[in-house]
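Colleague: what follows is a predicted structure for the sequence shown.
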Amino acid sequence: MAGAPRIEHLITSGTFSLDGGTWNVDNNVWIVGDDDEVVVIDAAHDAGAVLAAIGDRRLSAVVCTHAHNDHVNAAPDVANATGAPILLHPDDQVLWTMAHPDRRPDGPLADGDELKVAGIGLRVLHTPGHAPGAVCLYAPELGAVFSGDTLFAGGPGATGRSYSDFGTIIASIGDRLLALPGETVVHTGHGDTTSIAAEAPHLQEWAARGW
């Protein structure tokens, strides 16, 4: 028996670099699946730790919520070790190339796609703003959405650097994420988990102050 589909969580540490600056960051790596098959959402920093968490299970894909280097820097090593494809929205190719100029993703993510793992679906929601090709992954059977850096506990992702836009991220959150059921648990790219219901009342407040 493969067991029930579930969400596993790993925190890895490294650096994020863009626009000439570098910052120390802790990233959430999410592993979704069962005892036989998983997907990795955002292979960050430490390929060895990610591979150890996967164990002897089949990795069906390395899914990138966006291509800032801290979310994709371990993706090629994880993919090469397992044979799994790296999936990325094409609008983030410019950011991907900064991190991996000699390795392209293996396949595209598009709004409305559904990735299957362990008998459940992960629906791709294109949510630009933090990055042009940012996506979230909604797993209705698990009551969860994986928000990357689009939505955090307490506010939207940062939009003060290249290839990001505040108005766009606010629209993405309002139109795509806040349309999900309120009880949906939000598994973020950094920091604490939250819920749609906890964040929804604050959208207009964020928009008004420009975050």
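Modeller: Sure, I can see it. Numbering: from 1, shown residues only.

Colleague: drop to CA atoms for contacts and neighbour counts, all remaining ones
Modeller: Noted.

Colleague: what's the host helix or strand of residue 8 in contact with?
Modeller: Element membership for residue 8, per DSSP states H and E: strand 6-18. Applying CA atoms under 8 Å, 6 or more residues apart in numbering, the external contacts of strand 6-18 come out as 22-34, 44-46, 49-50, 53, 68-70, 142, 161-162.

Colleague: now do that strand, average pLDDT.
Modeller: Averaging pLDDT along strand 6-18 gives 98.

Colleague: begin at 8, not 1, for the rest of this chat.
Modeller: All right, first residue 8 from here; so that's strand 13-25.

Colleague: quick one: work out the angle between the very next helix or strand once past that strand and strand 13-25.
Modeller: Using DSSP H and E, the helix or strand that follows strand 13-25 in sequence is strand 28-40. Counting by axes from the mean of the first three to the mean of the last three CA atoms, to 10 degrees, strand 28-40 points 160 degrees away from the direction of strand 13-25.

Colleague: which positions in strand 28-40 come out as buried?
Modeller: Neighbour-count burial for strand 28-40 flags 33-40 (criterion: 16 or more other CA atoms under 10 Å).

Colleague: same check on stretch 143-160?
Modeller: For stretch 143-160, by 16+ other CA under 10 Å, it's 143-146, 149, 151-160.

Colleague: ends of it, what's the gap?
Modeller: Taking CA to CA, to the nearest Å, stretch 143-160 runs 15 Å from one end to the other.
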